[in-house]
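Q: only geometry, no sequence info:
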């Protein structure tokens with residue numbers, strides 16, 4: 001397995017984990033009667049999920065840019081010769 005595929009597996013696993021964590025915090029806030037103001041819970045949940053998604057999307061973009069660079073280099077390096085009919 002290539003290094004990029006491994007990174008993607010870890011990345012999407014991490015993003016799924018962040019999503020599950022966000023949902024769990026929402027459920028916790030909904031079912032447990034906490035002394036906190038719901039607005040404060042909302043801010044905590046949004047902060048956690050925003051940090052997670054920003055971190056994850058930066059990895060996706062970095063990976064995508066590296067893939068684009070690799071394909072551009074490959075296309076530039078390939079010399080296409082016209083086929084001559086004999």
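A: Perfect, thanks for sending it. This one's a predicted model, so the numbers in the text were calculated from it and none came from an experiment. Numbering: from 1, shown residues only.

Q: so residue 83, which of the three states?
A: Per DSSP: H, G, I helix; E, B strand; the rest coil, the local secondary structure of residue 83 is coil.

Q: how close does it sit to residue 49?
A: Separation of residue 83 from residue 49 (C-beta to C-beta, to the nearest Å): 55 Å. For the C-beta atoms, the positions are set from N, CA and C on the backbone; glycine is no exception.

Q: again, but for residue 28
A: 14 Å.

Q: neighbour count winner among these two?
A: residue 49 (17 against 12; other C-beta atoms under 10 Å).

Q: for the strand or helix carrying that one, what is the average pLDDT?
A: Element membership of residue 49, judged by DSSP states H and E, is helix 38-77. Helix 38-77 carries an average pLDDT of 68.

Q: and if you look at stretch 15-32?
A: 73.

Q: which positions in that stretch come out as buried?
A: 15, 18, 22, 29 (16 or more other C-beta atoms under 10 Å).

Q: name the element residue 20 belongs to?
A: Applying DSSP H and E as the criterion places residue 20 in helix 3-31.

Q: from residue 44, how far off is residue 15?
A: Residue 15 is 19 Å from residue 44, by C-beta to C-beta.

Q: next one: residue 56
A: Taking C-beta to C-beta, one finds residue 56 at 19 Å from residue 44.

Q: between the two, which is the more surrounded one?
A: Set side by side, residue 56 and residue 44 show more neighbours around residue 56, with 18 against 13, by other C-beta under 10 Å.

Q: the more buried one contacts residue 17, correct?
A: No. Under the criterion of C-beta atoms under 8 Å, residue 56 lies out of contact with residue 17, with a separation of 9.7 Å.
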